[in-house]
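# A structural model of the following input is requested.
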Amino acid sequence: TITVYATQDTVEFDSFDDKYDEGATLPEIRTVTDAATIADSVADLATAGNKNVVVSVAQDMNNTAGIKTAKGNTLTMDLNGKSVGVSYGQGSTNTTTNGMQLLQGSTVTLKNGTYKANHGNDAYHNIAILIQNYSNLTIENCTLDMSEANDTAGNSKGTSYALSTNCGKVVIKGDTNITARTDHNGNKEYALDVMHWENTGYEDEGTSVTFDETMTGTVNGKIDVYCYRNSTVVKPVDDGGATLTIMGGTFVNSGLTLEQFKAFVPTGYTVTTNTDGSFTVSK
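Modelled structure (predicted):
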């Protein structure tokens, strides 16, 4: 794998001058080995700015704290085939149950490993949403795993989500696997929630999730796509503000009928119903 970082050469000009890339910054690469170093490496991303950070995970770790990215910042998290478990959530007041809280206007890439929920010990920070997304997010060759997340007292009790997105564009690629938590009745909770939040600062931008043609992994858990309008759930989506596009992958326990599932698959792609009732999408 070759990664190239570039900035403007002083001899380069556009139609006006040699300042067109002025202010461009190279990413700062930070290698992390434990919960403390990962917390230090991402701490300054929680404040809006123009920071560009690459986190390189050097070994498996558990019981980390959640990650927050704010407007203007860029995070690339290369898991390098390792596993990072989170047990102490980020989030807004009274909803501090996010493994990642990726705010509007930030850009995030998560790749090459496992990001999972650990069984937490703080009821008000236990993980209920592994990734809460408002950013432009790319997930590639990753496992998102909520199977260890606990359901105790506090604001994590009840329904959980592996990925919930309310704003921004999400692209999911490669061998990515998403596993929801199993409830007390043995049923899978939500793997994916795509919601257009109409009554806030997200109504104009909306959100989209795309499983692109390279997607070969499995999504195991319920899928929900809807609008939230005047405290009411509206589906199917009638304003174009929440879209799901599936061009690859296998989907298990989605909670969708075949016809409902096909609504998210573009023309030119085939949906195969497997013997276990799951759906596989191919070109």
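# gap between N98 and N141?
In this view, N98 and N141 are 22 Å apart by CB to CB, to the nearest Å. Just so you know, the C-beta spots here come from the backbone N, C-alpha and C atoms, and that holds for glycine as well.
# which one of those two has more residues nearby?
Neighbour tally, N98 and N141, criterion other CB atoms under 10 Å: the higher count belongs to N98, 25 against 18.
# partners of the more buried one in the sheet?
On the basis of DSSP bridges, N98 is bridged to Q90, I129.
# contacts only, for it.
If a contact means CB atoms under 8 Å, 6 or more residues apart in numbering, then N98 has G66, G89, Q90, G91, I127, A128, I129, L130, I131, Q132 as its contacts.
# so which strand or helix has L110?
Assessed by DSSP states H and E, L110 sits inside strand 107-117.
# send me that strand as PDB with only the CA atoms.
C-alpha atoms of strand 107-117 as PDB (Å, rounded to 0.1, in the frame of the first residue of the first chain):
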ATOM      1  CA  THR A 107     -14.800  14.300   7.300                       C
ATOM      2  CA  VAL A 108     -14.000  10.800   8.500                       C
ATOM      3  CA  THR A 109     -12.500   7.600   7.100                       C
ATOM      4  CA  LEU A 110     -12.500   4.400   9.000                       C
ATOM      5  CA  LYS A 111     -10.700   1.400   7.500                       C
ATOM      6  CA  ASN A 112      -8.900  -1.900   7.700                       C
ATOM      7  CA  GLY A 113     -10.000  -3.500  11.000                       C
ATOM      8  CA  THR A 114     -12.700  -3.800  13.800                       C
ATOM      9  CA  TYR A 115     -14.400  -1.100  15.700                       C
ATOM     10  CA  LYS A 116     -16.700  -2.600  18.400                       C
ATOM     11  CA  ALA A 117     -18.600  -2.000  21.600                       C
END
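# contacts for it, please.
By CB under 8 Å, 6+ apart, the residues outside strand 107-117 that reach it are 57, 69, 73-87, 99-100, 102, 127, 130-131, 133, 135-149, 181.
# of these, grab the buried ones for ChimeraX.
Burial among the contacts of strand 107-117 is assessed by 16 or more other CB atoms under 10 Å; the matching ChimeraX selection reads:
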select :57,69,73,74,75,76,77,78,79,82,83,84,85,86,87,99,100,102,127,130,131,133,135,136,137,138,139,140,141,142,143,144,145,146,148,149,181
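# pretty sure L45 is in a helix, no?
Yes - counting by DSSP: H, G, I helix; E, B strand; the rest coil, L45 is part of a helix.
# that one touches K71, doesn't it?
No - at 10.5 Å, L45 does not count as touching K71 under the criterion of CB atoms under 8 Å.
# just want to know which of those two has more residues nearby.
Using other CB under 10 Å, the more surrounded residue of L45 and K71 is L45, with 24 against 14.
# now the more buried one: how far from G217?
For L45, the distance to G217 equals 27 Å [CB to CB].
# coming back round to it: average pLDDT for the strand holding L110, rounded please.
Mean pLDDT, strand 107-117: 98.
# give me the contacts around the lengthiest helix in the chain.
Ranked by residue count under DSSP state H, the longest helix found in the chain is helix 35-42. Here helix 35-42 makes contact (CB under 8 Å, 6+ apart) with 30-32, 53, 55, 57, 61-65, 67-69, 75, 84.
# show the subsequent helix or strand relative to that helix.
Defined by DSSP H and E, the subsequent element after helix 35-42 is strand 52-57.
# now do the contacts for the residue nearest in space to the middle of the chain.
For the chain, the residue nearest the mean C-alpha position is I131 (4.8 Å; CA atoms, centre = their mean). Each residue near I131 by CB under 8 Å, 6+ apart is listed here: N98, G99, M100, L102, L110, Y115, L137, L144, A162, L163, S164.
# what's the angle from the helix or strand the last one falls within to strand 107-117?
Assigned by DSSP H and E, S164 falls within strand 161-165. In terms of direction (axes from the mean of the first three to the mean of the last three CA atoms, to 10 degrees), strand 161-165 departs from strand 107-117 by 160 degrees.
# what's in contact with the helix or strand that strand 161-165 is followed by?
Next along the chain after strand 161-165, taking DSSP H and E as the criterion, comes strand 168-173. Residues external to strand 168-173 that are found in contact with it (CB under 8 Å, 6+ apart): 102, 104, 133-141, 163, 205, 207-212, 214-215, 249.
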